Structure formats: structure tokens, C-alpha cells
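Trainee: Turn this into a structure:
(chains A and B, ligands or ions: 2)
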Amino acid sequence: MKINVNATEYTVDVQGNPSLLEVLREQLDLTGTKYGCGEAACGACKVLVNGTPTPACITPVTSVQGKRIRTIEGLDADGRLHPVQEAFLEEDVFQCGYCAPGMIMTAVALVESKKSLDEQELLDGMNGNICRCCTYPAILNALKKLTQNTTKA
Amino acid sequence: MKDTCNTSINHYRRKSLPGRGLSRRNFFKYMGAGIATYFVWTDYLASESLSRLSETGMPAAPDTLSSWIHVSATGAITVFTGKVEVGQNIRTSLTQVVAEELFVPISAISLIMGDTARTPYDRGTYGSLTTPQMAPILRKAAASLREILLQEARKEWKLGEVELKLEKGSVKHPTNGKQLGYGSLANAKQLLLPMNENVRTIDPTKWTVAGTSVEKINGVDFVRGKHRYVSDMVVPDMLYGKVLRPPAYGAKLIRANVDAAATIPGVRVVQQGDFIGVVAKNSRTAAMALATVEAEWERSPQVAGAALFDHLKRTGEPGNAVPSEITAAYESASLKLEQEFKIDYIAHVPLEPRAGLARWKDGSLEVWTGTQRPFGVQEELERAFSIPKEKIRVYMPDTGSGYGGKHTGEAGIEAAILAKAVGKPVKVTWTREEEFKWAYFRPAGLIQVRAAVDGSRLSSWEFHNYNSGGAGINSPYLGATKYEQYHRSDSPLRQGSYRALASTANIFAMESTINDLAQMVRADPMEFRLKNLQDERLKSVIKTAGQAFDWNREKPASNHGFGMACGAVKGGFVATFAEVAVDPNTRELRVISAVTAFECGAILNPRHLESQVTGCVLQGLGGALFEAIEFDEGNVSNAFLSSYRVPRFKDIPQTKVLLVNRKDLPSSGAGEASIVCIAPAIRNAIDDAVGVKLYRLPMVPSGRVPNA
Ligand code: FES
Ligand code: FES
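Mentor: Ligands and ions are numbered 1, 2, ... in the order given. Next comes the predicted model:
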């Protein structure tokens, strides 16, 4: 079967009906997408499927045929960091950083979906992502700054 | 597949290395020419709280370099430390102190951590000891190196004892405008000198790199998903392993049928006594193969979940007799209270579950694993395989956090067993369920307090902790003669270290009791504390936080409450003030704000410190309000993130952190102390709001405050 990840077509092995997460990590060596729970409860594995943040851990790879998958590795494909990555770096958000890819992908979908977001929309959008180091306030600050800048631009 | 070990590791692997630390003789053979300072580790700062953990401390061999800083002929500076990075950003703060002393940019320094073959022996990264132990040593080592470089420059220029200036990795000539780079000074030399204990380090008031908010080193790798945690690592020919788990604690394997697994193409079954594992070319196949194993277990009697606290009390060591003066003071007091607090087990839930990757070659073993104690894991492997330490190399790439929960090396050992049996490298990554069930927990505890107050002073204080531990048990309050005792008990579940150890439990009980005593004498809880505390550092954080919180302000509504707590843990002083609201109809609790002041000496990196303190407070919110391990008969029943609730974005109150910078005091660790006050501050705020006193952590697992 073929899947499209970060605008590249890959042929993958679907024997045993693996999850998208397993295929990304073990077959394509795209290990930016993390495992944290395996039950759509932590957000560490979130990727964008046709632009929608989707937990790759519970997504059978066979279900994404013909869809566009975007992972953390695809964000700076043109050699420039995505504004969300910039904003998180600017705010020096992370401690262990394990939640970062899932957080960033979820936030990317959010900020790309709407010009400006109020606090409640940010909370609703991000609540499925856990940061066990609890850097939540810094993440929110980074996103607030970014969505304010977006409005200004 | 590609080998993802970083290239510098490969570079070093070609040379043969001694197992633990590096002998002086081999130093330049290994490092290349240059100038270096070293010091031999003496564990003079190991604190009492550590010996309680019963870690196996091993002295370094006499001719072993314990840590060193090296300048190469290209001017590259390499620092070696046995500490590891688990998200506390010590890679950054330790680099800062070295950069400060050597007048070089952060980027000129690389810090080698977590590699048993290249770094000095270290007991582990825990107990907030990295900053107080490593930072001063590295400052001195770097300052010593600076002095040597200056001396070399003077020799080169044939100058006497003139003062020379340093800038960006070069020494400047006093008169002729010439410069000598560190690289050219180090070129073709083999100069290795011990650290000068009495060297002058730069005064913190003059710091320009240390003490500033330098960004996380390699931060860009983390936001690009490029950093490889152990769970991400791949080596050539690597297979994926899975291990069979018992259905409960204490279950013994009677028999197992592995035939079905063995017939799956590409699957190998490894069976050694009670250990059954499978390996396959991907994790899905390994998991499927494991699921076909039919095992029969014999369960042994375990403690019922409902009997936990009785069990802890019943099995607790009796301890010393309570001195009669204390009982007498209590008996004769008119204002007194006796209360009991219950603390549930909680899990660390590091977002990256345990992972290990093992590779055997010619009888030597390499293991990559996320652990706070790489040398401890090396010892575990030594015992498991009966091979000398020199043949075992443990790597610990910067890891997906620990919070005290990754002192052990289970996944690494399992990977090594499987790799040895199948003759190929094997990676074992634990599932979230395995991490919940087979790692270890923060201890549960039962705390009993009897205290009395006379006027505005404590007149009697008797405090017993069953099982959770002795850390933070000593009350900082004046007045009464005190009796505090930690009673060891039999723990039904596997327990171990957790951020701030038992301080969270002890300070919860202590600060709740102080609140209630203040109430008895109708004193303001903050004034009562300030009156009964002596430690100026503790008082200062109370005042700072109280002012920022605006403690004396009007409450916005009658269902709102204010509460506070303070504590001193491992060189960190903390006070948290909280505002809560309890919905009059639904009884739902909302934590509105948490203001925390923290002081731990001279601040090395304000932004990272603020992040640590914020993270501690908010992680503490989980254990305060809703986190609890549910178990029965040796089996954890909520071993999933869908059933074990941790703090999320929507749980987060307005959080404010005030850092008190004491440049005149040595820096202490920051990853623990500030977790201890959030629970009692909220507890006291709930009492203030609706007059309900809670005595258990977590306080409101349902989200609702019970009726009085
Ligand atoms: S691993 Fe997919 S949501 Fe947690
Ligand atoms: S930074 Fe550690 S989990 Fe988010």
C-alpha cells in the first residue's frame, strides 16, 4: 500500500494491520511522532491527516490511504521553521521535550484553521495533549503571542 | 536502516576505553592533544536523604579521573559529567557556568553526559544534587583551566605575572593588540592538571552568561522532532522485543505454552525460567506473538486496596517511645487537635515510558536506556550477566523525563537478555500500561499528628509518618518540643523515589495542621506562620508570595477561599498561595490561582528555573486533586491515561512564579522543592471557602468537594 507523508509517497507494509504510528516510526524512521499512551489520551502521536490533528496510535494505516499526512518532520521542509516552532523556541517552552511534536502539530492545525484564537479556543484545541513536565503556561503564552501576531499581520 | 548513534560516539568507540572513568595515563591517547583540568570525585555532598534511598554508592578507583574539562587544538571545549538530562535543563545550566568562567560562547562547549565509558562515575541524577554538587565543581574546574590558559599565554609572550584579559575564547596581549586563541595555546600540548580547589571563580554578581536565560541547548532539535530518545533509536539489524508480564504482583509462572508464538514467521521466543520474551522485526508482530502465549500463573495473597492504610499502620515499625514531656504537654493543653492524613500511591507517568536498546558484540554489551542512574544500570547489568563492568557500556541520551521515576534499568536489562539470546540488537519499549504496572510508585502513606497550641505558640508536636518516608518530616516551627518519626512499613506495591520524596506528604500534613491550629487561636494563617518561623529565607518567600497574591484582599465572592503553605526542601524555600472557588450547587472545585515564591540561592537560568517551578507546582496539582493508583490484590486497575488522570491545559489555574535571587548564596537544585506546597495551599483554601477540611491526597478525585 502507498501512503503520502509530508508530500512524499511511500510504499508500506500493512501486514498485521499496523497503526499509522507504528508505520511512521518503524517503517519510515519518522520518529518525531511519539508514543505516549496508545489510546488517544495523550496527544504525543498526533499528526495531521488532511489537516486534522489525528492520534496516529489508534489510526490503522489502511485508513489513511489517499490522504495527506503531515508530521513534525514535514513542518520545516522548506528549510524554515514553522511559526509555531519559532514561537515555542522563542518562549523556550520545553523541558524534556517529549510532548513537543504532538503539541506542535496540534497547534499548527489550530493556528492554520483560524486567524485569531481566544483563550478558550486554545484550551479546547490543546486539551487533548499532555505535557507531563507541565509546561502548559509557557505553551499557552507562546500560542497567545503567535495568534496575536497573526492577527496583526 | 541507519545507525542513529551520534557520530561522536562512533568516533570514540574505535578506541578502547576503560570501563568506568578514564585513567590519567590514557587521557590524551583518548582525548587528543590539548589542555585539561580534572578533579577526582569525592562524594562529600551526599546527603542524608540519599542514604535513606539505600543506593549503592561506589567509590571511584584511585587513579580515575572523575570529571574533566578539555580544550582541544581547535579550541573546542568538552566537559564530561556523569549527570544526565531528564528535562531539568541542566545541560544548559552547567554549560552556562563553564562558559562564564572561560569567557567563551555557549556554542563553544559540548557537555558529554550519560555515557558510562566516557563520563566519571556518578551515583545518579536525583535529589536535587546536580546543581549544588556539579555547578560549583565545574565552576572551579573551568576557572582552573582558565588560569592554566592564561599561564600558557604568559609563557608564550614571555610576560611576567601581568594581568591578561580574555574574550571569546582568546587571550589578549596587554599592549600589542595580539590575541592567542585557546586552540593555539592547547595545540600540541599534553597538559593535564588537577583542579585548583582555591581558584577564584567569578562572583555571581558579575555573571554575564551564568544567571541569564540562555535558551535550552539543542532546543531546535526538540521542536523539529529530531532529537532521538531511546525509544526512537535504531541500530542496524535491530529487532523489537516484548516481555510477558504476570497478571499481578507476586504471581508465579506455573507453565506456559509458547508454540503458537514460535510458529509465527520471523518471531523468536526467549524463555529463561520465569522470563518469557519474544522478538520480531516490528513491534506489532512482537505484540501479536506475545498475545498468543498461554501462561498459567499461581497468584499469591496480596493486600486488598481497601485495606491499604490499615496495612501500613499495622506493619509499621513501632519506633521510639514518644517522650513523656510531649504527651504531657499535649494532655494538659486546652487547644489541641489530633488528625490523620492519608496519601495514596501515585505514578510518575513520564511521557516517554521506559525504553532500552541492547547490543552485544564479542562478549561486550552496550545498552541505551533512559535512566537517572546510568552507572546504577551498569551495575544491574553486571549482576544480571556476571560480566565485568568494563565490558558494559550504558548510554543515556537526553530522556523523556523521570521526576524520580527512572532510577532503574528494567527495559535495558530486558533488551539485553533478549539481544543475547537472539544474537541481534533488540529494543524494548514499554507500553503505558507496563509503565503504570511494573515501574514503581510514589509511596502511599499514613500520617498521624497530635499538636497543641498555647497563645500564638505551638506547645506540643507529635508527628508520625507510616511508609511514605522521612524527607521533610522535621517541622520548621518554633515553640514546642517536637517528636517526629518515620515508621517503615510493608508496601503492597513497588515504591521508590518521586520528586521531593516524602516531603510532599509530610508538608501536606504539617501545613494543614498549622492552618488548623492558627484557626483555633483565631490567628491569620500567614501571620501565625511568620510569628512561629525562624528561618529568614522561608519567611522571605512567604512574604514575597503573600504580597503578590495580595493575601489581605477582599474575596470576590463568599464561595471563594484563600489558602497558603510553605516549606523548605533540599536548599529550596517555597511558599504557595492559592485561591479556589467551590460551586455552591454542584460543589465543583475550581482552583483559580496559584502564586508561588521560590528561592534556591543564586539563580543560574531564570527562565528555566521559572519553568521548573511552574512544572513542579502544576505536576503537584495532579497529586493534590485527583491522581491516585487504584489497585486490589496486587493488580493496578487504572493503568491507562484514560483512567489515571493527570493535569491538562484546562486544569491549569492562573499560575504565577516569583523567583527570589540570592546571589550571595550557593545555588541549589530546583526540580523538586516547589512541588510541596500546592496541595496544602489548596486544602487550606477549600477550608476557607466552605469550611471543609480534607485529609487525603488526592483531595477531590471526583472534582467535587464533599459536604461538611
Ligand atoms: S500515543 Fe496516541 S494519543 Fe497517546
Ligand atoms: S516537556 Fe516534558 S512532557 Fe512536555
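Trainee: going forward, measure contacts between C-alpha atoms and count neighbours the same way
Mentor: Will do.
Trainee: can you list contacts of the host helix or strand of residue B:512?
Mentor: Residue B:512 belongs to helix B:503-520 when assigned by DSSP states H and E. Here helix B:503-520 makes contact (Cα atoms under 8 Å, 6 or more residues apart in numbering or on different chains) with B:335-337, B:341, B:343, B:445, B:447, B:449, B:451-453, B:456, B:465, B:468, B:470-473, B:475, B:524-525, B:528-529, B:565-567, B:569, B:675-677, B:679-680, B:683-684, B:695.
Trainee: which parts of the helix or strand following that helix are buried?
Mentor: Following helix B:503-520 in sequence order, the next helix or strand is helix B:525-532 (DSSP H and E). Across helix B:525-532, burial judged by 16 or more other Cα atoms under 10 Å in any protein chain shown covers B:525, B:526, B:528, B:529, B:530, B:532.
Trainee: Out of those residues, which are close to chain A?
Mentor: The overlap between those and the neighbours of chain A (Cα under 8 Å from any Cα of the partner chain) is empty.
Trainee: Adding distance to ligand 2 as columns, could you present those residues in JSON lines?
Mentor: Formatted as JSON lines, the buried residues of helix B:525-532 follow (distance: Cα to the nearest ligand atom, whole Å):
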{"residue": "B:525", "distance to ligand 2": "35"}
{"residue": "B:526", "distance to ligand 2": "34"}
{"residue": "B:528", "distance to ligand 2": "38"}
{"residue": "B:529", "distance to ligand 2": "35"}
{"residue": "B:530", "distance to ligand 2": "36"}
{"residue": "B:532", "distance to ligand 2": "38"}
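Trainee: Which helix in chain A has the most residues?
Mentor: Assignment by DSSP state H gives helix A:136-152 as the longest helix of chain A.
Trainee: which residues in the stretch 151-300 of chain B form strands?
Mentor: B:165-167, B:170-172, B:179-181, B:190-194, B:239-243, B:252-257, B:268-272, B:275-280, B:294-298 (DSSP state E, counting those that start in this stretch).
Trainee: I'd like to know which of those strands lies nearest to residue B:67.
Mentor: Nearest to residue B:67 among the strands of the stretch 151-300 of chain B is strand B:190-194; the distance by Cα to Cα comes to 10.2 Å.
Trainee: Which elements pack onto that closest one?
Mentor: strand B:34-39 (3 or more Cα pairs under 8 Å, 6 or more residues apart in numbering or on different chains; DSSP states H and E).
Trainee: Which of the contacts of helix B:503-520 fall in strands?
Mentor: With strands defined by DSSP state E, the entries of the contacts of helix B:503-520 inside them are B:335-337, B:341, B:343, B:445, B:447, B:449, B:451-453, B:465, B:565-567, B:569.
Trainee: Of the residues you listed, which is the nearest to residue B:594?
Mentor: residue B:565 (11.1 Å).
Trainee: Please name the bridge partners of residue A:55.
Mentor: Per DSSP bridges, residues listed as beta-bridge partners of residue A:55: residue A:46.
Trainee: need the contact list for it.
Mentor: So residue A:55 contacts A:40, A:43, A:44, A:45, A:46, A:47 (Cα under 8 Å, 6+ apart).
Trainee: Tell me the residues of chain A that contact ligand 2?
Mentor: A:94, A:95, A:96, A:97, A:98, A:99, A:131, A:132, A:133 (Cα under 6 Å from any ligand atom).
Trainee: Now do the same contact list for the nearest residue to the first one once chain neighbours are set aside.
Mentor: Leaving aside its chain neighbours, residue A:94 sits nearest to residue A:135 (6.6 Å; criterion: Cα to Cα, 6 or more residues apart in numbering or on different chains). Residues near residue A:135 by Cα under 8 Å, 6+ apart: A:93, A:94, A:95, B:611, B:614, B:615.
Trainee: Surely the first one and residue A:141 touch.
Mentor: It refers to residue A:93. No. Between residue A:93 and residue A:141 there is no contact under Cα atoms under 8 Å: 9.2 Å.
Trainee: what separates the residue positioned nearest the centre of chain A from residue B:399, distance-wise?
Mentor: Central residue check for chain A by Cα atoms, centre = their mean: the C-alpha nearest the mean position is that of residue A:105, 2.2 Å away. Per Cα to Cα, to the nearest Å, residue A:105 is found 21 Å from residue B:399.
Trainee: How about chain A: which residue is closest to chain B?
Mentor: residue A:96 (3.5 Å; Cα to the nearest Cα).
Trainee: residues near residue 33, how many?
Mentor: I'll assume chain A. 31 (other Cα atoms under 10 Å in any protein chain shown).
Trainee: sorry, should have said chain B
Mentor: So residue B:33, with other Cα under 10 Å, has 20 neighbours.
Trainee: which ones are touching it?
Mentor: B:72, B:73, B:186, B:187, B:188, B:189, B:190.
Trainee: Out of the residues you listed, which is nearest to residue B:241?
Mentor: The nearest one, if we look at the contacts of residue B:33 relative to residue B:241 and count by Cα to Cα, is residue B:72, at 41.3 Å.
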